[in-house]
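A.B. asks: need a structure here:
(2 chains)
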Protein chains: 2
Amino acid sequence: MKKHDQDFMKRQNRLTVFEIIKNQQPISRASIAKQTGMSPTTVSRIVGELTEQGYLLDSDQVSSGLGRKSTLIAMVDASVLSVGVELDRSLMNVGIVDLQGKLLCSRQYPRIPDESVDKTLERINEAIEQLTQQHLIDRTRIVGIGVGLPGIVNNEEGIVVFSVQLGWKNVALAKRLKELTGFEIAVDNELKVRALAEHLKGAAVGSVRTALLGFGQGVGSAMILEGEIYRGVMNSAGEIGHTTVDPNGMMCECGKAGCLQTYINISSLLSEANRIRPIRTIEELFEAKDAGEHWAVHLIERALMYMAITINNVVCMYNPDSVILSGELVDKFPDIYEEVEKLYLSRFTWEPLRGSFSIHRSMLNENGVIIGSGLLSQNRFFALD
Amino acid sequence: MKKHDQDFMKRQNRLTVFEIIKNQQPISRASIAKQTGMSPTTVSRIVGELTEQGYLLDSDQVSSGLGRKSTLIAMVDASVLSVGVELDRSLMNVGIVDLQGKLLCSRQYPRIPDESVDKTLERINEAIEQLTQQHLIDRTRIVGIGVGLPGIVNNEEGIVVFSVQLGWKNVALAKRLKELTGFEIAVDNELKVRALAEHLKGAAVGSVRTALLGFGQGVGSAMILEGEIYRGVMNSAGEIGHTTVDPNGMMCECGKAGCLQTYINISSLLSEANRIRPIRTIEELFEAKDAGEHWAVHLIERALMYMAITINNVVCMYNPDSVILSGELVDKFPDIYEEVEKLYLSRFTWEPLRGSFSIHRSMLNENGVIIGSGLLSQNRFFALD
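C.D. replies: From the prediction side, this is the model:
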């Protein structure tokens, strides 16, 4: 517990003004003063400083309504940029994000599943070089790099504790990528940054308690509470895929039986399908279902039912106001969203909580992780500033 | 977003000093100044004000170590008192709690299950009269009443939205009890206040993310995050009892099939037992198990297994550092704690999170709800002050 002194007060007030302009621009100085209770002089001083530093400019709009017209202030969106990186088993996605979470440019690269850490880091560095050169990005405006990946991440120290998908264990990613690129690095779990992106710029703008569910190679969730990622003690909160639903159920890759994800995730669906006949991809499985093969209909309907159960269980535990569905399964087969909602959701939702949440499809889709990683990196920059 | 002005700063600093003394007493002015970064003059001014108001006194201890000896400051624990009330189907428990969460006096009363709201309120009022008179409590020091009960509670407005156990629906408890007693009223769900009590004064002191589980007439959980109760949008977070674990499972009183609590809670265990032979109480069921009746062994072992599953599922979702087991089942049959831990816990805990949390038995037991309700009421008082 520290004192609230003059310095602290000044920093806080500066951040408050900055955030208001970022979220409500274009805006008048008078409106900022009114919202914050600060004096017009204080607001003008802070706006002056921020303009000098290149963050703000006078827009070409003036205030409407009665009284003396005044020029509205706007953000220079490109005054703060960051790099967002998504890493997955066989994919690397790199983009550059501005202050408003807009993706200025991005590019997907394939990744060799057993690529070494050094090689991956080098390729991230090269991709940033390439993107900044091709799109004439001012590198001096880049405040850092954010990396989102599947697995357990020590976000404070930037260490990848364990990632089955990348085959990494205890990799000091932030340290090594900073040495290579010179930028500040933020690392986090992919679902957590994806939730942050949807909360700030996607399907859950305005939501106070957002739960994002990911249905893909695994099943997981992430929670944003009053603007903050809910992390837990090891940054592992939200691992709903490994909640046990049937102690006599199928074996999960984690070594337990009957984890929720064994009814839903792609590898598990494929291994069940292969009990019937050779099926190599999830697309083939959905084709079999569309062709009316009973076993495939049964398998996929069971998965949809367990998706509704996942929604209920997340809603019972976190009591969110918004639930967002995301991940490879939902992206590839958009009908899933309607079918879960129409056929299963109300049956499996606990009655007192029906109607307490809205349900959304991801809006940022395949860009969610790079946008979220980029915004995370900016948040880190402003918090440290 | 409001400005941080002089007034706000003063209030914050006053609260900071108060909290430090409350948690670390007896303590020297110099140590407070060092911890907060405030000047000795500011600390002395604040301590002076609080002493004048009767909250602090000079203790008879002096600082140890080198340098000039100075008198240590202590709290007057009885300077702030509150009433804690627990309501349940057939029980009413009333106590008076001091600033340190110490129970000065308390008394249990039976409650008629279909007692009217008015009658219950009257009886609370009478109980407070009785306790304060018998124990010579200074009523002017009582800052409010906290009430904890099972069900969905709108804690901001003090409304009992729905309680199966009390048979109440949309009862404006805070308003009506304030009219009757004149005190400020805080109302909350019993597990939430119980978790607060264990966090502040019980089994989870020092924990940053505490999950409390309740196994009794229902199954539920509550989470304390950095000192705050995690509520969700309807103050309904933690309803793990109604997460679905088996879509083909037993009917739950909520109207869904296969809710987690159907394997654990008392009424469900009794209804299962009665498929075999007449069993009226949970004690009879445990006697049958102790006598080696196979069906009873099977039924109770299944319940213990699902308790371990509950722990895993809570740990996966919230990633807490501490888990506390509480509730009628654990209170009445203390062996449950060891058996769950020895026989089932490691098998059902997701491997990456093994060892990430400690597990405790409730320390406050049957007093948890009145202590937590009392402390909640004090927190409300200090926040409003």
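A.B. asks: dump the residue contacts of A:Val369.
C.D. replies: A:84, A:86, A:93, A:148, A:190, A:193-194, A:197 (CB atoms under 8 Å, 6 or more residues apart in numbering or on different chains). Glycine gets a C-beta too; all of them are placed from N, C-alpha and C.
A.B. asks: Please repeat the previous calculation with a cut-off of 10 Å.
C.D. replies: A:84-88, A:93, A:95, A:146-150, A:188-194, A:196-197, A:326 (CB atoms under 10 Å, 6 or more residues apart in numbering or on different chains).
A.B. asks: ok, now A:Val94?
C.D. replies: A:83-87, A:105-109, A:123-124, A:126-128, A:130-131, A:145, A:147, A:370, A:373.
A.B. asks: how distant is stretch A:20-28 from the center of its chain?
C.D. replies: 24 Å (CA atoms, centre = their mean, to the nearest Å).
A.B. asks: How far off centre is stretch A:151-162?
C.D. replies: Relative to its parent chain, stretch A:151-162 has a centroid offset of 16 Å by CA atoms, centre = their mean.
A.B. asks: where does chain A dip in pLDDT?
C.D. replies: For chain A, applying pLDDT under 70 flags the ranges A:1-5, A:65-67, A:384-385.
A.B. asks: Domain map for it?
C.D. replies: With domains defined by automatic domain parsing, chain A comprises A:6-75, A:79-195+A:368-384, A:204-362.
A.B. asks: Check whether the shortest one comes near chain B.
C.D. replies: Looking back up the chat, that one is domain A:6-75. Yes - using CB under 10 Å from any CB of the partner chain, we find that domain A:6-75 touches chain B at A:6, A:8-13, A:15-17, A:19-20, A:23, A:32-33, A:35-39, A:42-43.
A.B. asks: Quick one: residues contacting the residue nearest the centre of chain A.
C.D. replies: In chain A, the residue lying closest to the centroid (CA atoms, centre = their mean) is A:Arg194, at 1.4 Å. Residues near A:Arg194 by CB under 10 Å, 6+ apart: A:86, A:148, A:188, A:202, A:212, A:214, A:220, A:222, A:324, A:326-327, A:362, A:364-365, A:367-373.
A.B. asks: So which of those residues sit within strands?
C.D. replies: Assignment to strands by DSSP state E places the following of the contacts of A:Arg194 there: A:86, A:148, A:188, A:212, A:214, A:220, A:222, A:324, A:326.
A.B. asks: Name the residue of the stretch 151-300 of chain A that lies nearest to chain B.
C.D. replies: A:Gly232 (2.4 Å; CB to the nearest CB).
A.B. asks: Look up the closest residue to that residue, ignoring the ones flanking it.
C.D. replies: If the residues on either side of it in the chain are set aside, A:Gly232 comes closest to B:Asn319, at 2.4 Å by CB to CB, 6 or more residues apart in numbering or on different chains.
A.B. asks: isn't that neighbour right next to B:Val208, touching?
C.D. replies: No - judged on CB atoms under 10 Å, B:Asn319 makes no contact with B:Val208 at a distance of 11.1 Å.
A.B. asks: between these two, what contacts are shared?
C.D. replies: Joint contacts of B:Asn319 and B:Val208 (CB under 10 Å, 6+ apart) are A:232-233.
A.B. asks: Give me the more crowded residue out of these two.
C.D. replies: Each of B:Asn319 and B:Val208 has its neighbours counted (other CB atoms under 10 Å in any protein chain shown); B:Asn319 has more, 22 against 15.
A.B. asks: residues in contact with that one?
C.D. replies: A:230-239, B:209, B:211, B:353, B:356-357.
A.B. asks: swap the cut-off to 6 Å and go again
C.D. replies: By CB atoms under 6 Å, 6 or more residues apart in numbering or on different chains, the residues touching B:Asn319 are A:232-234, A:236-237.
A.B. asks: residue contacts, A:Thr210?
C.D. replies: A:199, A:204, A:224, A:322.
A.B. asks: Tell me if it really is in a helix.
C.D. replies: No - read with DSSP: H, G, I helix; E, B strand; the rest coil, A:Thr210 is strand and lies in no helix.
A.B. asks: Can you name the residues bridging to it?
C.D. replies: For A:Thr210, the residues forming beta bridges with it (DSSP bridges) are A:Ile224, A:Ser322.
A.B. asks: A:Val153 in helix, strand or coil?
C.D. replies: Three-state call for A:Val153 (three-state DSSP): strand.
A.B. asks: tell me the contacts of it?
C.D. replies: Each residue near A:Val153 by CB under 6 Å, 6+ apart is listed here: A:160, A:187-189, A:235.
A.B. asks: distance of it from B:Val85?
C.D. replies: 44 Å (CB to CB, to the nearest Å).
A.B. asks: Chain A: helices as residue ranges?
C.D. replies: Per DSSP state H, chain A carries helices over the ranges A:6-24, A:29-36, A:40-52, A:117-134, A:173-181, A:190-201, A:266-273, A:282-290, A:294-318, A:328-332, A:335-339, A:346-348, A:368-384.
A.B. asks: Of these, which stretch is the most buried?
C.D. replies: Sort the helices of chain A by mean neighbour count, taking mean count of other CB atoms under 10 Å in any protein chain shown, and helix A:190-201 sits at the top with a mean of 28.
A.B. asks: Which positions in chain A make contact with chain B?
C.D. replies: Contact residues (CB under 6 Å from any CB of the partner chain) of chain A with chain B: A:1-4, A:9, A:12-13, A:16, A:36-38, A:152, A:209, A:232-234, A:236-237, A:239, A:242-245, A:254, A:309, A:312-313, A:316-319, A:321, A:348, A:350-352, A:356.
A.B. asks: B:Thr244 is in contact with A:Ile309, correct?
C.D. replies: Yes - using CB atoms under 6 Å, A:Ile309 is in contact with B:Thr244, at 4.6 Å.
A.B. asks: which neighbours do those two share?
C.D. replies: Common contacts of A:Ile309 and B:Thr244, defined by CB under 6 Å, 6+ apart, comprise A:Phe348.
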